[in-house]
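**Student:** coords please:
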Amino acid sequence: MCTQRSPYNWSKDLYERQGDSVQTYLTNTVLPALRIKSEQGGTMLLTELLLRWSNHQIMTKWMKKFFAYLDRYHVVHHTVPNLSEACLKRFKENIYDEMRGNATAAILDLVNQDREGNIINKDLVKGIVQLYEAVDFGSLDSYKSDLEQPLIDATRNYYANKGENWIASLSTPEYLLKAEHALNEEKNRVATYLNPSSERMLLSVCEEELLQKVQMVLLEKKCSGCHVLLVNGKSQDLRRMFNLFSRLEKGLHPMASVVEQFIVSRGNDIIDQRRARLESGEKDKNDDPSFVKALLALHDKYLAVIKSDFSGHSLFQKALKDAFVEIVNKKVGMYTTAELMSTFADRVLRSGGEKLNETEVEDNLDHIVQLFSYLTDKDLFAEIYRNQLAKRLLNQRSASDDAEKAMIAKLKMQCGTHFTSKMEGMLSDLAVGVDQRTEFQSRMQEHSTRMDYSVQVLTTGFWPTYKSPDLVLPQEMNKCMDIFTAWHNGKHGNRRLSWMYSLGNATVKATFGKKSYDLQVTTLQAVALNVLNNGKTMSFKELATALNLEETILKPLMHSLSCGRYKVISKIPQSNRINTTDKFVANSKFSSNNRRIRIPMASLDASHNNERVQEDRTIAIEAAAVRIMKARKTMQHQQLQAEIMSQLAFFKPNPRDIKRRIEVLIDRDYLARSESNSNVYNYQA
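**Tutor:** So this is what the prediction gives:
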């Protein structure tokens, strides 16, 4: 029939009659049956439709086998659809186009039943979905327009209603648990009987309705919002909230903002507690370990929360940073947080301070440096810390050299070599000084003296500046000084020695009655005790003349000896204040259970030189301005100011100070104003 030449070739007639028979079968048999089932309900329709679709696929398969010759020759030579495509086209036009509305409605009804927890025939739904996927010859156009879009719309309505009910009746953790379950179920639903391409759109709609539209309500919900979860340490609920909101575009920003505000409020509580203590009459001093420990504990706690519950996300790390920048730069009382932190570090590193083992010291130093990183006045911290480090080193009060080096290394890692160069120089001086002292001790053995004497040589640029009174020393001390000066000048003739008596210390053997004591005192205290030896009674003015000391130095000196814990000197009249009319004599009735007694003396120098800090800041601003202008040549004022502020990492300069320094640079001919615009500066080469 199909191999003869025309007019005896029946290929065309056979191709058309095969199509007509399929058309007749679909129209007269399949369609009426489906119409009947459509009236009986959705599941009945889908079952019948799946059966008829399966039969149609079988019929198409055998038609293709029976008339394979048509596909090989007639279809190829006459450019007509092959038998499979022709059969599918007829099914779509005659069956699918009429049944798709009811079938889609039936599928949506089953999906909603599934969402409500009812048991449905998932294989039936999957089979019908495959029908939607197949009717477009490899394209998903029909699936997307006829099933996916209605499903998306129905899903939006379903979860909009669910969300309203849940938000009104459930707490935030309960709501999030429901939302998480719903999202997981939708994902499983797609994997079970929907096309994988629908997953992203379907989940996006769920996220929008269940999370995005009610996000702020959930975060701020009374008695169960994010703030309450943080207060109660509900890690699992916080983790779930983070995971769900991370699915939204910029969904974590509001949550991070709430976390930041919460941490700030907790920090303010600690600050308010310190303020309340001061207002209740507690003495304000630069040593407040409870305050610093509270800040360290707060930071440690919420750093752990961010790492564990929020996966260390950068937004929450920034929230923690911004919160603590606000907290630690608030000043309560006379002292800044920088001073309180440095003094706490001094307690940790000083012998006799905090009672800690090596591991605890290391942990505390790590936490202090973390808190230090939030300070805007890092240069102020450095100045105070350097002064306290000097006192520890010179008075042999450092608990561990390794701990000192570790702390400086941590600060160096945080701020760079320039920040710690002077501190490292101080440690280097002491290391070199050990060899020098050993060599000098050998020289001292060549001279007969009544005292053991050693000298620590310091480099002026590394160490803080100190008051240096021109103290009148005993003859024996002068003799030792002369020996050292001669020895030192012989080795280092180009170096000039300047004696700092206020930094020296001594051990004085004292006898009161029949009992002897070793008094550990400063050089100033030792000289004062020597003047009052052998029961001499001297007035304040006589002491000032004998020692050549000013009133501002002599008062704290005599206070330490006559008004402190160990009153080795008696003051006449007795009181806790030193007056210029007082008289002093050795306390013959002094007694103590300890043979070795350390008598501390108040420092003659402030914890830091504020004028020096301001001077260093002035130099830093000017240097940054010149450096920037040398590279840029011309800049507007606002741009230059912004660049200077970005380059100064150790403190936050006031814009007025920057403007003032720019004016100074103009006066010194480093910069000049543009003739056409006074707000523009030009670099003067």
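**Student:** which intervals of the stretch 251-400 of the chain have sub-threshold pLDDT?
**Tutor:** Judged against pLDDT under 70, the stretch 251-400 of the chain has no low-scoring part.
**Student:** ok, now which ones touch L393?
**Tutor:** Contacts for L393 (CB atoms under 8 Å, 6 or more residues apart in numbering) come out as E404, M426, L427, L430. For every residue, glycine as well, the C-beta is placed using N, CA and C.
**Student:** mind checking the SS state of it?
**Tutor:** helix (DSSP: H, G, I helix; E, B strand; the rest coil).
**Student:** ok, it to Q456 distance?
**Tutor:** According to CB to CB, to the nearest Å, L393 and Q456 sit 9 Å apart.
**Student:** pull up the overlap in contacts between those two.
**Tutor:** Common neighbours of L393 and Q456 (CB under 8 Å, 6+ apart) are L430.
**Student:** rewinding a little: so which of the contacts of L393 belong to helices?
**Tutor:** Among these, the members falling in helices (DSSP state H) are E404, M426, L427, L430.
**Student:** skipping adjacent residues, who's closest to the second one in space?
**Tutor:** With CB to CB, 6 or more residues apart in numbering as the criterion, M426 has its nearest non-adjacent residue at 5.1 Å, and that residue is F462.
**Student:** count of neighbours near the one you found?
**Tutor:** Number of residues near F462 (other CB atoms under 10 Å) recorded here: 17.
**Student:** A strand includes it, no?
**Tutor:** No - the assignment for F462 is coil, going by three-state DSSP, so no strand is present there.
**Student:** quick check, pLDDT for it.
**Tutor:** On pLDDT, F462 comes in at 85.
**Student:** roughly how far does it sit from A649?
**Tutor:** 22 Å.
**Student:** may I see the buried residues of the helix or strand where A182 lies?
**Tutor:** Here A182 sits within helix 172-193, counting by DSSP states H and E. With burial defined by 16 or more other CB atoms under 10 Å, the residues of helix 172-193 counted as buried are 172-173, 175-180, 182-183, 186, 189-190, 193.
**Student:** got the CA positions of it in PDB?
**Tutor:** C-alpha atoms of helix 172-193 as PDB (Å, rounded to 0.1, in the frame of the first residue of the first chain):
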ATOM      1  CA  THR A 172       6.900  33.600  68.200                       C
ATOM      2  CA  PRO A 173       8.700  30.300  68.900                       C
ATOM      3  CA  GLU A 174       5.500  28.400  68.200                       C
ATOM      4  CA  TYR A 175       4.800  30.300  65.000                       C
ATOM      5  CA  LEU A 176       8.400  29.700  63.700                       C
ATOM      6  CA  LEU A 177       8.000  26.000  64.500                       C
ATOM      7  CA  LYS A 178       4.900  25.900  62.400                       C
ATOM      8  CA  ALA A 179       6.500  28.000  59.600                       C
ATOM      9  CA  GLU A 180       9.600  25.700  59.600                       C
ATOM     10  CA  HIS A 181       7.400  22.600  59.400                       C
ATOM     11  CA  ALA A 182       5.300  24.100  56.500                       C
ATOM     12  CA  LEU A 183       8.400  25.000  54.500                       C
ATOM     13  CA  ASN A 184       9.800  21.500  54.900                       C
ATOM     14  CA  GLU A 185       6.500  20.000  54.000                       C
ATOM     15  CA  GLU A 186       6.300  22.100  50.800                       C
ATOM     16  CA  LYS A 187       9.800  21.100  49.800                       C
ATOM     17  CA  ASN A 188       8.900  17.400  50.300                       C
ATOM     18  CA  ARG A 189       5.700  17.900  48.400                       C
ATOM     19  CA  VAL A 190       7.600  19.200  45.400                       C
ATOM     20  CA  ALA A 191      10.000  16.200  45.600                       C
ATOM     21  CA  THR A 192       7.100  13.700  45.900                       C
ATOM     22  CA  TYR A 193       4.700  14.800  43.100                       C
END
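**Student:** which strands or helices does the helix or strand just after that helix pack on?
**Tutor:** Once the chain leaves helix 172-193, the next helix or strand it forms, by DSSP H and E, is helix 199-207. If contacts are counted by 3 or more CB pairs under 8 Å, 6 or more residues apart in numbering; DSSP states H and E, helix 199-207 sits against helix 149-169, helix 172-193.
**Student:** can you mark which positions in stretch 507-524 are buried?
**Tutor:** V508, A510, Y517, L519, Q520, V521, T522, T523, L524.
**Student:** could I get those residues in CSV, plus columns for distance to V568, pLDDT and secondary structure?
**Tutor:** Below are these laid out as CSV (distance: CB to CB, whole Å; pLDDT from 0 to 100; DSSP: H, G, I helix; E, B strand; the rest coil):
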residue, distance to V568, pLDDT, secondary structure
V508, 9, 88, strand
A510, 7, 88, strand
Y517, 8, 88, strand
L519, 7, 89, strand
Q520, 12, 88, strand
V521, 9, 88, strand
T522, 13, 87, strand
T523, 16, 86, helix
L524, 14, 88, helix
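**Student:** redo the residues you listed as a markdown table? Include distance to R397.
**Tutor:** Shown next, in a markdown table, are those (distance: CB to CB, whole Å):
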| residue | distance to R397 |
| --- | --- |
| V508 | 19 |
| A510 | 22 |
| Y517 | 20 |
| L519 | 17 |
| Q520 | 11 |
| V521 | 14 |
| T522 | 12 |
| T523 | 16 |
| L524 | 17 |
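**Student:** does V258 really touch H227, like I thought?
**Tutor:** Yes - counting by CB atoms under 8 Å, V258 touches H227, with 6.4 Å between them.
**Student:** overlap of the contact sets of the two?
**Tutor:** By CB under 8 Å, 6+ apart, the residues touching both V258 and H227 are E220.
**Student:** just so I know, which of the helices and strands packed on helix 199-207 lies nearest L665?
**Tutor:** Proximity to L665 (CB to CB) singles out helix 172-193 among the helices and strands packed on helix 199-207, at 56.6 Å.
**Student:** gap between that closest one and the chain center?
**Tutor:** 33 Å (CA atoms, centre = their mean, to the nearest Å).
**Student:** which elements pack onto that helix?
**Tutor:** helix 97-115, helix 122-134, helix 149-169, helix 199-207, helix 215-220, helix 226-232, helix 235-245.
**Student:** how about CSV for those helices, with mean neighbour count added?
**Tutor:** Formatted as CSV, the helices and strands packed on helix 172-193 follow (neighbours: other CB atoms under 10 Å):
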stretch, mean neighbour count
helix 97-115, 18
helix 122-134, 18
helix 149-169, 16
helix 199-207, 18
helix 215-220, 17
helix 226-232, 18
helix 235-245, 19
